[in-house]
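# A predicted structure for the sequence below; I have some questions about it.
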Amino acid sequence: MAPAEPPLGALVEVPAGRGLVRFCGGTSFSAGRWVGIELSEANGKNDGTVQGIKYFTCKPNYGVFVRPSQVKTISLEPQPVLAVITQPAPSLRPALGHHRTGSTGLARGPSVRTVPSSPGRTAPSSPRASSPAKPSTNGSSFTSPLLSLTTSQRTQDDQEVQELRAKIRVLEAKRADDARHVRELETRLSEAESFVALRPKLQAKLSSQQTELITTRRELADAQQLAQMAESRIVDAQEQLEMAMLDKEMAEERAEMAEAELEEVKENLAIVEVELQVLKEGGAEEVTETPVKQSLAYIQLEKQNERLKEALIRLRDISQETEQEQRRRIAEMEKDVTNLDELQAQYEEALYKLTNAEIQVEELKAQLDDALGAEEMLVQLTERNLMLGEKIEEMRITIEDLEALKELNDELEENHMETEKTMQEDLDARDAQIREQASKINALEEACQDLESTIMQFRELVLQLQTELDSLRAETQTAQHESATAASQTAAMMSLNLKLQSSASKNQARYIDLEVKKIEAREARELLNIIQPYLPQVYVESDMDATNCYLLFQRLALKVDLVNTVVAQTHNLPDSLSGPVSDVMVGVCEMRGRLSSLSTTCRRFAAILRKCDVESFLNIGRIYPEIAPMEKRIDMHIDLLRREEFRELECVNDALKMQSQFDHLAETYFNEYEFDLGERELGLALAIDHDLDTFAASIGLIKTAVSAIMKDEDVDLETGDVDTEAEFFAPLQRLLDQCRSAKVLRRKLTKRLDDLTQDSAALKVHLVPQLQALNNIVPELLNFGISLAGRNVMPYLNDVRSAKAPFKLSTVLSYVKETAASTVGKDRKDDIASWESVSEFFNQVMKDAGALLPLVLETENIVKISGTAPWVLRIEDIKAATAINVEAERKVAQLNDEMQALVRTLKSKDQHIQESSVKIELMDRRMEAVKKQADTIIDLENELNKARKQERAYEEAMEQLQADLDSLEQDNAKLKTMANNAERQPSAAQPVEPESVPIEGSLETSYLLEQIDALRGTVRFLRTENSYLRGQDLLKEIESLPPLPAPITREPTPELVSSSLSDSDSDSDDLSSPPTLRTLSAESKLLYREVIKYTCSPRVVDLSAVRARRAEDGEKGVRPWIPKKKTPAYHVWERKMQGERLGKKLHGLLERTSALAASR
């Protein structure tokens, strides 16, 4: 912590000796803070001048400069001699950063002018000190309490100036950061331009890839033709094979038939041989008996034997021919089988070429898609560079605006310093009067307190402007990520800045006028305090309370009007009644009517007191102690309104209480006078004005609420055959239009009556009944609007929303009819529509007002309210009672009039300052909206960091995919080896018997077809995986490009690898909209459900599919092929990736939560 600097004029001790502090601040001969000491002995090094720059004045060798840490304070009581501080040399400006904005606070800090003095004086004095009214201060110490107060105030002001300098240094550091950000934007723009320079290379690469794609397509077409030819040949070979099989089956059938016939012939031959043997054995016996029969039988047997021999010969020849034919066919079929094997090999070769061609086509398609994506990326980057250039230009314009605001801040600070010097000179001028008249010390101290409060208010204004400057600088840091709407926002900010500058200049002029009027009012107050002791005791005892009562009523009227005006400006009345209206607006309009009635009553009382007789004036003055506390309630509401904590309901309650008390006072003291005729007429006109505003607000509330509930998707509408626009909204709009036209008449009427009241005139008494009748019928319209909105329509709409019942327009129209019948149409006997009755009633009101307005404008109907003020009539009595100098009384009356005029002027200036403070607070709210946009930009930066983390996750996924690719290539090599073994295995098998060759060939063919199908599925799977992994080189080339400065506004580019191995689903969740408390709560709930579901899910690996596939392929004697997604390793890996994905989501949620907490 740095040591505190001693105040100017304090007695201190340094290594060179004791002395008085004459200078504190920065110097040009060395950086840092220095303290200039005027020593009591000639042990110094200079006379207050170093390197040609005079910092203070003293004798030669009596001055010395030391660091604040070397100073030891002995006495803090300042000396009467004022310190002289000059402006530092211009060489100090570069040390503060930006030379345009940073040098003002330091150069203007010490504002006391350097005045050379003669050697006989110890220290210089101001020119005012040499005037005859102020004695010399040589060799004496002045210990007046006011001077010590002003010197301590100077010390506090110096400390505040030092704090302001530190703040300015912080602002300059922020300005340097803004410049650094602008330079970073320019470097990123150059990087984007260098990236655009790569576009021709990528286009050349794209053209070469397109030519390669065309040649590959041609080769693919040729390969497809060859494949078709091979397929046709295979089909022909299969048909020939089927024909050969059919011929073989027919030959087998014939051979079987021939064998059957041969067996039958053999059996017949055996029978014949047996019979022949029998015949030979028994032939001797039968020859003798039947010679004739033997010869015949023998001849028949011989003939049969010959026939059998011929049949056997023919059968042998046929069997030999058949056997030769079968052997020939078997040889031909063996040749066909060998030809089939060759065709099968050719078919497999063509199929392999076709597969390679398809893989190349897929790769070329992927490369073409990547090239098209790269071209689209180039176009987007070009557009983005243009947008960044526009944003940089906008940032430069914004920086210029901020510099203008900084200059405006410097001007305000300079005006503050000048004002402070002016106040100091005024204090010096009052020193002589303080010595002569000790009785005025209390009054001057009150004046000093008033000045201090004014300075504090101005400092608060300066601090507010500095906070606005900080918020605008923060906007420059976040504007690089704004959307295309930043141009309109910048224009709006420029217009607001211009308005702020104009308002600041106007406030400065008003502040100067206000200070002048305050000085005059203070002098008048001081003069009044001086004159009051000379007033006679009769006036103090009898007339003082009456005068205070008159002034109280005037103050109450003005303060109530001030509250009414500020509330109207805050809610933009009556212009805001043309758009959507809320229930708050209806309450505000009703409150303004109550306040207007209270203000009118106070004006009436003041008018009566201004013209009444002396006795009544003095009699009314007795109630002043009772009604004086009422002003504190109005002051409390004004203070709440200034701090934006205004409570409408409490203000209405206080207004009703005060109105009831004032009504009792009117019946007791003010009921027999006609001096308030103009105020009463003006009050009636204002009551009509506010009643019409309240009616318009209630009708607008009904229209807004019904239109909102009809647009609500959660509410069912049952309009039936009712035309909503014609039967509801059109009559409401017609009433609002009639109310606007009535406002023109009422404004003219109110303006005319206000002018008459200012001129102490009023309408004649015979016009008051017409105005009273108009005031009596307008509340009927008000009752219709309030009853329809507050008692019928709004409760019904609330019930519809709470009970989720259907909205029926017929119910609202029935409410309108009932309310109209009970208010505006209660005296009507004809049965007409409700809207028409209200419209006719409104037309009647406008007709009466239009008939009254010409009469009001005529000068014949004007009467002048004349009368003498009671205090004027009281002058003669006071003179007779006290016999005081007439001239003194006249001067007192004149001073009273001037004081009242100054007080009124001061109040008007206060009102203008309050209005300007309300406008500045409105600007603060808009600045808060801009800060929210800055928070949104910070959230976007956090999302950019998350995108970079996602990029690193993609790199890890690519490495894992590369490892999977290597393993798949090894599996592919193994599958190829198995396919070659499977091809060699059926070719090695040879038929054992000729008859079984066709059957074994059919089995081998089916087995080969199954192997071909399995290999085809394997090749298809490998081709799909390889096609997804071919884009790795292009992905690495894209990742090697320089990083982008900000995320692209288009939709995110889909991942290159769309397989199930990618974790892009989990990473894409991070690219979301800017986080809010509600979205973070929803995401935490979803994440909690996912974690519960993950922990509750089974962790057992499903082996049923693996076992079933192994069982199926084990019967065929081949190694089973299983898809990767059904393997146990894949199940385990998927479970692990799911856990990692949930961990990443949890980490991202924690980061966004911490970022949101830090931004708040």
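Arrived safely, thanks for sending.

# and the helices in the stretch 451-600 of the chain?
All helices of the stretch 451-600 of the chain, identified by DSSP state H, counting those that start in this stretch, fall at 486-531, 537-538, 544-570, 583-611.

# what helices or strands is whatever helix or strand residue 162 lives in leaning on?
Secondary structure from DSSP states H and E places residue 162 in helix 145-197. Packing contacts for helix 145-197, counted by 3 or more Cβ pairs under 8 Å, 6 or more residues apart in numbering; DSSP states H and E, involve helix 103-107, helix 291-436, helix 441-478. Every residue, glycine included, has its C-beta placed from N, CA and C.

# could you dump the helices of the stretch 451-600 of the chain to TSV with distance to residue 385?
Converted to TSV, the helices of the stretch 451-600 of the chain look like this (distance: least, Cβ to Cβ, whole Å):
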stretch	distance to residue 385
helix 486-531	16
helix 537-538	89
helix 544-570	46
helix 583-611	49
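
# dump those to JSON lines, plus mean pLDDT, distance to residue 719 and mean neighbour count.
As requested, those are arranged in JSON lines below (pLDDT from 0 to 100; distance: least, Cβ to Cβ, whole Å; neighbours: other Cβ atoms under 10 Å):
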{"stretch": "helix 486-531", "mean pLDDT": "72", "distance to residue 719": "40", "mean neighbour count": "16"}
{"stretch": "helix 537-538", "mean pLDDT": "66", "distance to residue 719": "79", "mean neighbour count": "12"}
{"stretch": "helix 544-570", "mean pLDDT": "87", "distance to residue 719": "37", "mean neighbour count": "19"}
{"stretch": "helix 583-611", "mean pLDDT": "87", "distance to residue 719": "24", "mean neighbour count": "22"}
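
# residue 36 is nearest to which of the ones you listed?
Distance to residue 36, taken as Cβ to Cβ, is lowest for helix 486-531 among the helices of the stretch 451-600 of the chain, at 33.5 Å.

# which residues does residue 41 contact?
17, 62 (Cβ atoms under 8 Å, 6 or more residues apart in numbering).

# now residue 817. Nearest residue, chain neighbours left out?
Nearest residue to residue 817 in three dimensions, chain neighbours excluded: residue 834, at 4.1 Å (Cβ to Cβ, 6 or more residues apart in numbering).

# am I right that residue 714 sits in a helix?
No: with DSSP: H, G, I helix; E, B strand; the rest coil as the criterion, residue 714 is coil rather than part of a helix.

# can you give me the neighbour number for it?
Applying the criterion other Cβ atoms under 10 Å, we find 7 residues in the vicinity of residue 714.

# reformat the helices and strands packed on helix 145-197 as CSV; add mean neighbour count.
Output for the helices and strands packed on helix 145-197, formatted as CSV (neighbours: other Cβ atoms under 10 Å):
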stretch, mean neighbour count
helix 103-107, 21
helix 291-436, 15
helix 441-478, 16
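
# nearest to residue 920, of those helices?
The nearest among the helices and strands packed on helix 145-197, by Cβ to Cβ, is helix 441-478 at 6.1 Å.

# what is the neighbour count of residue 274?
10.

# that one sits in which helix or strand?
helix 199-281.
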